[in-house]
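Undergrad: coordinates for the following, if possible.
(chains A and B)
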Amino acid sequence: MEKARRNKLAIFIFMLPAVLLFSLIIILPIFMSSYYSLLNWDGMTKGTFVGLKNYMELFTSKSVNFPRAVSNAILLAALSTFIQLPIALFLALVLARGVKWEKTFVSIYFIPVLMSTTVIGQLWLKIYNPDYGLVNVLLRSIGLEHLQRVWLGDKKTALIAVFIPLLWQYIGYHMLLMYAGIKSMSPELREAAKIDGATEAGIDWYITIPLLKPVIRTCVIFAVTGSLKAFDLIYILTNGGPAHASEVPSTLLVSMIIGRNRYGFGSAIAVSIIFLCFFFAIVIRKLFKTEEVV
Amino acid sequence: MNRIQEKGGIGRKLITGFLIIWALIQLFPLYWMFTFSLKDNSEIFGENIIGLPRKWLWGNYTAALTTGKVGLYFLNSILVTGCTIVLTTIIALMATYALTRLVWKGRKVVNNIFMLGLTVPVHASILPILIILRNLKMTNSYQALIIPYSAFALSMALLIANSFIEGIPKELEEAAFIDGCGVYGIFARIILPLMAPALATIAIFIYLQAWNELMFAVIFISDSKYRTLSVGIQTLSGTYTTDWGPIGAALVIATIPTLIIYSLMSVKIQESLVIGAVKG
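TA: You can find the predicted model right below:
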């Protein structure tokens, strides 16, 4: 058997499709993107090598306003971490205590996560519709006409209007991860603490949450990198507009590639997104580590 | 189970009340979608905004399926998602077997490289893939989506398959070997059948990814013949700006398969997403 396990031909055959697919579609493009980002190139003619000029433009150009897109994404990351995750944690803690219809609630909260973002985007497009959308209709019906707005078309409200469905959709996802984490802890711990006279809230605060830290760390990483990569809902609702008000790096990337054929510049955006994702993932890991030492 | 029945009933009722309100918040857009997909404009735009439809207007669905081409987009989505699931699963199972049960130098390193794929954002690949596809004259085809989707689903599929294959005892393979089975035979007759539970988990994961994907579909497909639901609905909402009923119908059609799968195997789905997140 041991000899059979070293069958070189078998290893080659079993590995070939995966290696081919992975290196052609995932590994190679990373290098290609990095190279393209150094070119001035429209995809048709031959590109010219311009060094780091695309990156310089990225951080200085007023009309592209990349810093704005990044700060929007970071704001989204902050909102996810400090609004979405606490709500998810609260729901998970309450549900894991064992309430009535526990499983049903878990299943319901999770439904938006499974739905296609296109569907959710279209629904919220209708919810925000200035004439017939639910938000403005509701405001009219309770006599707050003056608060009505073109939610997605107003520079002041577009960003927050786009963020609300994003936060809403993924609360269930984080809730599920945390809920599963809590459920996998040994129930004896809880029982013992209760016998010692601890309250439910005390148990959650002093026992469950500290034990849940690895899961919370995973959630924070997902929330932050997910925010930096966010595309679908924003593309559908505003496509970054009006006047870059709700722009994020991904929408900028797609409009540079599709709209303007600025391939070199678009690649510089892509490389920056990758860099930001890895950077924040490492920073978050570090933050959680130092906290554990203390 | 350790269901807690305490004296402080009011607190408990408050919490249940909150949970119910939260459930309504999560479900309301879904409910609204179902109801307005069956209404005409006069109901949607004023007379009956959030109630159940007075007249159930199934014509919206016919309009969406035929003139809105949602029928075609639906079939395209099924085809693309189905092929992605089959392709990724086969490739992942083969590689998992080689990575965990066959013995060769460097398999740990290769496995780690595959796991790196979990963190690589799709953004890195869009433009290079577009250029590769264009050179191969393959934009506007089913492969243009199936191959990239498979590549990006591969790492997760490997991760799930790896964690399942650990549960299959090596002794089973040894026994089959003594009975005269070669590695290929062992893979086909022992490993594959025993990996069946992993298949469901992998398939669910890939389904969600491929069925809902938007960015690749927007960039690689411009011909309406190959549009999947996510892009198709985008175009539809551009053409039916004032007629919400058929759009609602299209949204329901795009959501129904997910809801059916979820109602049949909600626990399995929740499990597979947790495995994916925690191990990743």
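
Undergrad: all helices for the stretch 51-200 of chain B, in order.
TA: Here the stretch 51-200 of chain B has its helices, by DSSP state H, counting those that start in this stretch, at B:59-65, B:70-100, B:107-116, B:123-135, B:143-165, B:170-178, B:183-186, B:192-194, B:196-212.

Undergrad: phi, psi for A:Leu39 please.
TA: Dihedral angles phi and psi of A:Leu39 (degrees, to the nearest 10) take the values phi -110, psi 150.

Undergrad: that one and A:Gly264 touch, don't they?
TA: Yes - with contact defined as Cβ atoms under 8 Å, A:Leu39 reaches A:Gly264; the gap is 4.1 Å. C-beta: built from backbone N, CA, C; applies to glycine.

Undergrad: between those two, what contacts are shared?
TA: Taking Cβ atoms under 8 Å, 6 or more residues apart in numbering or on different chains as the criterion, A:Leu39 and A:Gly264 both touch A:Gly47, A:Val50, A:Asn54.

Undergrad: tell me the confidence at the last one?
TA: You'll see A:Asn54 listed with a pLDDT of 91.

Undergrad: how about residues contacting the one helix or strand it maps to?
TA: Using DSSP states H and E, A:Asn54 sits within helix A:53-60. By Cβ under 8 Å, 6+ apart, the list of residues contacting helix A:53-60 from outside reads A:37-40, A:64, A:66-67, A:264-265, A:267-269, A:272.

Undergrad: which among those are in contact with chain B?
TA: The subset of those within reach of chain B, by Cβ under 8 Å from any Cβ of the partner chain, is A:Ser267, A:Ile269.

Undergrad: where does the prediction get shaky in the stretch 151-280 of chain B?
TA: B:278-280 (pLDDT under 70).

Undergrad: who in it is up against chain A?
TA: Checking the stretch 151-280 of chain B against chain A by Cβ under 8 Å from any Cβ, the hits are B:151-152, B:154-155, B:158, B:173-174, B:177, B:182-184, B:187, B:208, B:211-212, B:214-215, B:218-219, B:229-231, B:233-234, B:237, B:244, B:247, B:251, B:254-255, B:258-259, B:262, B:266, B:269-270, B:273-274, B:277-278.

Undergrad: and the residues you listed, which are buried?
TA: B:151-152, B:154-155, B:158, B:173, B:177, B:183, B:187, B:208, B:211-212, B:214-215, B:218-219, B:229-231, B:233-234, B:237, B:244, B:247, B:251, B:254-255, B:258, B:262, B:266, B:269-270, B:273-274, B:277 (16 or more other Cβ atoms under 10 Å in any protein chain shown).

Undergrad: A:Leu39 and A:Gly264 - which one has more neighbours?
TA: Between A:Leu39 and A:Gly264, counting by other Cβ atoms under 10 Å in any protein chain shown, A:Gly264 is the more crowded of the two (24 against 20).

Undergrad: doesn't A:Gly43 make contact with that one?
TA: No - A:Gly264 is not in contact with A:Gly43 according to Cβ under 8 Å; the separation is 9.2 Å.

Undergrad: for A:Leu114, what are its contacts?
TA: Counting by Cβ under 8 Å, 6+ apart, A:Leu114 touches B:Leu208, B:Thr258, B:Tyr262, B:Ile269.

Undergrad: can you list the buried residues in the helix holding A:Asn54?
TA: Residues of helix A:53-60 classed as buried by neighbour count (16+ other Cβ under 10 Å): A:Asn54, A:Tyr55, A:Glu57, A:Leu58.

Undergrad: how much space is there between the second one and A:Ile13?
TA: With distances defined as Cβ to Cβ, to the nearest Å, the gap from A:Tyr55 to A:Ile13 amounts to 43 Å.

Undergrad: grab the nearest non-local neighbour of A:Val224.
TA: Leaving aside its sequence neighbours, A:Val224 sits nearest to A:Ala77 (Cβ to Cβ, 6 or more residues apart in numbering or on different chains; 4.4 Å).

Undergrad: what separation do you get for the one you found and B:Leu136?
TA: 37 Å.

Undergrad: higher neighbour count, those two?
TA: Shown here are A:Ala77 and B:Leu136; by other Cβ under 10 Å, A:Ala77 has more neighbours (20 against 11).
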